[in-house]
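> Fold the following for me, if possible:
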Amino acid sequence: MVLPKSVARFNRRATNRIIGRFADRLPTFGVIVHVGRKSGRKYRTPVSVFPTEGGYLVALTYGPETDWVRNVLAAAGCQLVTRGRTVRLGTPELVHDPSRRGVPVAVRQVLRLINATDFLSLRVVG
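Just a heads-up that it's a prediction; the model follows:
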C-alpha cells in the first residue's frame with residue numbers, strides 16, 4: 001500500500017511547505033507546476049523525479065489517483081522545476097512497475113518499503 005491519505009494531508013500542510021522551498025534544487029527532487037482541473041489555479045507540488053531518455057519519471061508515493069496527477073493527465077502536461085531550471089513536459093503516461101527499474105537502487109528500497117509501484121512518465125516538450 002502506498003502512503004496513506006492522512007500522511008498526504010500532513011505533508012501538504014506542513015512538510016511540502018518546508019521542502020518545497022528547496023526541492024527544485026536538490027538531486028532526485030523537483031517541483032511539478034500544474035493547473036487545477038476545476039479551479040484553474042496554479043499549484044506547485046514537490047516530487048521525487050528521475051531523468052530518463054527524453055523525459056522524466058516521477059514516483060507516485062501516494063498513488064496515481066492524487067489530484068496533482070489527475071491535473072497533469074487532464075492538461076496533457078505540466079512544468080517541472082528541477083536543479084534550478086524549468087522544463088516543459090507533456091505526453092504524461094501512468095506506468096505500473098513493480099520492479100521499480102527506472103529509479104536508482106537506493107530509491108527502489110524506499111519505494112519497496114511503502115509498496116509504491118506506480119510512476120508518471122513525462123516527455124520533454126520542444
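
> can we go C-alpha only for contacts and neighbour counts from here?
Fine.

> Secondary structure class of the residue nearest to Gly126 when sequence neighbours are not counted, three-state.
Once flanking residues are discounted, Gly126 sits nearest to Arg88: 7.7 Å by C-alpha to C-alpha, 6 or more residues apart in numbering. Secondary structure state of Arg88, per DSSP: H, G, I helix; E, B strand; the rest coil, is strand.

> for Arg88, which residues make a bridge with it?
Counting by DSSP bridges, Arg88 forms beta bridges with Gln79.

> hang on, isn't it packed against Leu80?
Yes: Arg88 is in contact with Leu80 according to C-alpha atoms under 8 Å; the separation is 6.5 Å.

> who's more crowded, the two?
Set Arg88 next to Leu80 and count neighbours by other C-alpha atoms under 10 Å: Leu80 wins out with 26 against 16.

> What score does the more buried one have for pLDDT?
Here, the pLDDT recorded for Leu80 equals 97.

> Wasn't Leu73 part of a helix?
Yes: under three-state DSSP, Leu73 falls within a helix.

> Please enumerate the strands of this protein.
29-35, 42-52, 55-59, 77-82, 85-96, 118-124 (DSSP state E).

> Could you list the residues in contact with the fourth one?
So that's strand 77-82. Defining contact as C-alpha atoms under 8 Å, 6 or more residues apart in numbering, one finds that strand 77-82 is touched by 23-26, 29-35, 72, 86-92, 122.

> Now do that strand against strand 85-96, angle only.
120 degrees (axes from the mean of the first three to the mean of the last three C-alpha atoms, to 10 degrees).

> And Ala106, how far from Leu113?
Distance, Ala106 to Leu113, by C-alpha to C-alpha, to the nearest Å: 11 Å.

> if we can go back for a sec, kindly reformat the strands of the chain as CSV containing distance to Thr66.
Shown next, in CSV, are the strands of the chain (distance: least, C-alpha to C-alpha, whole Å):
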stretch, distance to Thr66
strand 29-35, 13
strand 42-52, 11
strand 55-59, 12
strand 77-82, 15
strand 85-96, 12
strand 118-124, 12
